[in-house]
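here is a sequence together with a model predicted from it:
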Amino acid sequence: MVEVEPLTSNTSPPRALQALVFGWLLSVAALIFIALQPDLLASFDSSVAQGLAKIGLTGDQFANTTQKITLRLLTLAVGILPVFILELWIAGYANSSVGRLLERRSMSAKYDVGFFLILFCGLTKVWHLGGTLGLTYFVGLAGNTFLSHVGDGHWQIDTGMPWLNMSLYIVAFTFFDYWNHRIFHMRPFWFLHRMHHSASEMVTFTLYRDHPGTTLFEPVFKAWPLAFFAVPSGYVMTFLTIALAYELMIHSNLPWTWGWFGRWVLTPPLGHRLHHSADKLASQKLLAATPIWDRLFGTWAPVRAEMVNLPLGVMGANYNTGNIVREIGFDFVAFGRALLGMPQRKAVARQA
């Protein structure tokens, strides 16, 4: 764990703010264009598929290019750019993700940018397959088999009212998300999840920092149970887009507690900062998106404004060394030793 001091300046450069606003407007305009030109974009998809086929590149990974572009634009327009703009406006340049990325450029921030680029460039499957030596392929096969049995509707909960189905889905989503998160804070799964906590500072992209080994278990704990709820795909897509924006916000440097709303409805950014604290006990608190589950299961903690200065990171392990492959391997070994009941090896400090 490395303590990171704030930048000395707290002035938001007008150019940085203007560039972010311009980028946001551009991404919104592109989304509107996609929505208004379905025929033109369908033709574009067809042309891309034909062009790739001519050079021998075919397969599902190249299907529906427009959809992939839309998802990336949504990520920018609904999540990343609004949070960057809010940080500059509310927290100031010195404490914003933009300031940390452009000026400090710490190894922790570089890691987070790398994790984000893997996702944004569509390399997530490659990263997970490589990082788990192909094991996620078999998890995917098991998931497809499971979903094929549930998805025919016979096993799904359907009230006949889409809004009620969606409400049940949201309750289930936050419940399974809480227990997925709590399980990953227990041995042996903590040794795969702690990489997410290893960031020594928040830069919004910290959301994407994750050990590839978590993908071996997270679908079982979190995603697959949701298949039992009959919800139209459009409803789910809208909800997941809003959920992504919220997740990006709580991994930011916004100094918000949200008052009663943060105590009862949604965990605020400072609450999640407490959860990312280097303090071992504090990091076991506020595991849920909604404090209701934390209150029911004994992991709630009050959030105070002074938590904005809490040091972040993981004690007892070396991260942000510049050797991500070694760090991933070290955590796999630690997970295996914990699974077998063996004592953990002491981490040896290394230079980046």
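Okay, I see it. Source: prediction; values computed, not measured.

what is the mean pLDDT for whichever strand or helix holds Ala109?
Assigned by DSSP states H and E, Ala109 belongs to helix 107-120. Across helix 107-120, the average pLDDT comes to 94.

if you count neighbours, what's buried in the helix or strand just after it?
Downstream of helix 107-120, the next assigned helix or strand under DSSP H and E is helix 124-131. Within helix 124-131, the residues scored as buried using 16 or more other Cβ atoms under 10 Å are Trp127, His128, Leu129, Gly131. Any C-beta I mention is one placed from the backbone N, CA and C, and that applies to glycine too.

mind pulling up the pLDDT for the first one?
Right, Trp127. 92.

from what I can see it touches Pro212, true?
Yes. The pair Trp127 / Pro212 is scored as a contact, 6.1 Å apart, by Cβ atoms under 8 Å.

ramachandran coordinates for Leu312?
phi -110, psi 160 (degrees, to the nearest 10).

how close does it sit to Leu244?
Distance of Leu312 to Leu244, computed by Cβ to Cβ, to the nearest Å: 22 Å.

among those two, which residue is more densely surrounded?
Applying other Cβ atoms under 10 Å to Leu312 and Leu244 shows that Leu312 carries more neighbours, namely 23 against 17.

report the contact partners of that one.
Met1, Val4, His197, Ala199, Ser200, Glu201, Met202, Arg273, His276, Ser277, Ala278 (Cβ atoms under 8 Å, 6 or more residues apart in numbering).

look up phi and psi at the fifth one.
The phi and psi torsions at Ser200 (degrees, to the nearest 10) take the values phi -90, psi 0.

now for the protein, the helix or strand with the poorest mean pLDDT.
helix 38-54 (a mean of 63; mean pLDDT, DSSP states H and E).

angle of the helix or strand that comes right after that helix against helix 107-120?
Next in sequence after helix 38-54, counting helices and strands by DSSP H and E, comes helix 65-74. Regarding helix 65-74 and helix 107-120, their directions subtend 150 degrees when assessed with axes from the mean of the first three to the mean of the last three Cα atoms, to 10 degrees.

name the residues of helix 65-74 that are buried.
Buried, per 16+ other Cβ under 10 Å, within helix 65-74: Thr65, Thr66, Ile69, Thr70, Arg72, Leu73, Leu74.

could you do stretch 283-298 as well?
For stretch 283-298, by 16+ other Cβ under 10 Å, it's Ser283, Gln284, Lys285, Leu286, Leu287, Ala288, Ala289, Thr290, Pro291, Ile292, Trp293, Asp294.

how about the residue nearest to the last one when sequence neighbours are not counted, phi and psi?
The reference is to Asp294. Counting by Cβ to Cβ, 6 or more residues apart in numbering, Trp300 is the residue found nearest to Asp294 once chain neighbours are left out, at 3.8 Å. For Trp300, the backbone dihedrals (degrees, to the nearest 10) come out as phi -80, psi 150.

and Trp300, how many neighbours?
So Trp300, with other Cβ under 10 Å, has 19 neighbours.

doesn't Gln284 make contact with it?
No. Counting by Cβ under 8 Å, Trp300 sits too far from Gln284 to count as a contact (11.1 Å).

show me what contacts the nearest residue to Pro188 once chain neighbours are set aside?
Nearest-residue entry for Pro188: Ala338, 3.4 Å, with adjacent residues in sequence omitted and distances by Cβ to Cβ, 6+ apart. Applying Cβ under 8 Å, 6+ apart, we find Ala338 in contact with Arg187, Pro188, Trp190, Phe191, Gln344.

mind pulling the model confidence for Ala338?
pLDDT for Ala338: 94.

that one falls within a helix, correct?
Yes. Counting by DSSP: H, G, I helix; E, B strand; the rest coil, Ala338 is found in a helix.

about what we covered before: let's see which of the buried residues of stretch 283-298 end up in helices.
With helices taken from DSSP state H, the overlap with the buried residues of stretch 283-298 comprises Pro291, Ile292, Trp293, Asp294.
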